[in-house]
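Student: Everything below, folded, please.
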Amino acid sequence: MLHEPIDRAALLVQRSEAQSAEAFLARALDSFNHVAMVSSFGADSAVLLHMIAQIDRDLPVLFIDTLALFPETLAYQRDLAAHLGLRGVRVITPARADLFARDPDALLYRSDTEACCALRKAAPLARALEGFDAWITGRKRFQADTRRALARAEQEPDTGRIRLNPLADWAARDIAAYIEGYALPRHPLVARGYPSIGCAPCTRPVRRGEDPRAGRWAGQEKTECGIHFIGGRPRPLKESAA
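Tutor: Residues are numbered from 1 along each chain as shown. Predicted structure coming up:
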């Protein structure tokens, strides 16, 4: 278990309440020894990736290719990484042996979406995160009801690893303004009604009035792929923890 960063993470939260996302991110990268960013290269990903590029273009950026993504996502990942000059992108894929054993026909998503996400997303990411004491996500409170209490920093109870959410308090208008201000390339599916983009079989366009993640696993109670529960459901690191 990685216990050493916990006090520093609590101090980070204590000192960052009024900081911008950029300042929080810079302080976070200076506060931990081994940090990775996990990016889907999805609809809003350009914002955090651009911030990372201004600080450290060699930072490890973990991209999970589930082998079921939209072709547009794969092309966007390559194009955006090149545009920003990111040198630390690592493409993570499911273990082939696991796929052959548990999903040889690539149809598991039809009968058990939880098992499919665990196989193609959560397990590969858990392996990729070994050795890191903190990781950065692009989650935001406005995205869904399940994220409304999202903290800027969380601790995984099983590993002690710290999860950093620099954009937790950003609104959709903040994302749009940043992308426009820096003329960042958008994921091509955004213009086709996809404000949240996952695997092709389990993502549809969002209808007017729906929340941004309504197109993910539509018609099911499922709202998360499971990667944010790696290491147990995280506990927010409050200012009073310092």
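Student: Is H34 in contact with E130, as I believe?
Tutor: No. Counting by C-beta atoms under 8 Å, H34 sits too far from E130 to count as a contact (10.2 Å). Backbone N, C-alpha and C define where each C-beta goes, glycine included.
Student: who's more crowded, these two?
Tutor: Ranked by neighbour count (other C-beta atoms under 10 Å), H34 and E130 place H34 first, with 14 against 9.
Student: Tell me the confidence at the more buried one?
Tutor: The per-residue pLDDT reported for H34 equals 94.
Student: Any regions of this protein where pLDDT drops low?
Tutor: The chain contains residues with pLDDT under 70 at 1-10, 13-14, 17, 143-146, 222-242.
Student: residue contacts, the residue most central in space within the chain?
Tutor: In the chain, the C-alpha nearest the mean C-alpha coordinate belongs to T137, at 4.0 Å (C-alpha atoms, centre = their mean). Residues in contact with T137, defined by C-beta atoms under 8 Å, 6 or more residues apart in numbering, are 37-38, 163-165, 228.
Student: Now do it against V61, distance only.
Tutor: From T137 across to V61, the span is 12 Å (C-beta to C-beta, to the nearest Å).
Student: Give me the common contacts of these two.
Tutor: Counting by C-beta under 8 Å, 6+ apart, the common neighbours of T137 and V61 are 37-38.
Student: where along this structure do the strands fall?
Tutor: Here the chain has its strands, by DSSP state E, at 35-38, 61-64, 89-92, 134-136, 153-155, 162-164, 235-236.
Student: can you list those strands in CSV and add mean neighbour count and distance to Y178?
Tutor: Listed next are the strands of the chain as CSV, based on neighbours: other C-beta atoms under 10 Å; distance: least, C-beta to C-beta, whole Å:
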stretch, mean neighbour count, distance to Y178
strand 35-38, 23, 16
strand 61-64, 23, 18
strand 89-92, 15, 21
strand 134-136, 25, 16
strand 153-155, 25, 21
strand 162-164, 26, 18
strand 235-236, 14, 24
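Student: CSV please, covering these and showing distance to G193.
Tutor: Shown next, in CSV, are the strands of the chain (distance: least, C-beta to C-beta, whole Å):
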stretch, distance to G193
strand 35-38, 25
strand 61-64, 23
strand 89-92, 27
strand 134-136, 27
strand 153-155, 31
strand 162-164, 30
strand 235-236, 33
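Student: mind checking which of these is nearest P205?
Tutor: P205 sits nearest to strand 61-64 of all the strands of the chain, at 22.2 Å, using C-beta to C-beta.
Student: just checking, what packs against that closest one?
Tutor: strand 35-38, strand 89-92, helix 123-128 (3 or more C-beta pairs under 8 Å, 6 or more residues apart in numbering; DSSP states H and E).
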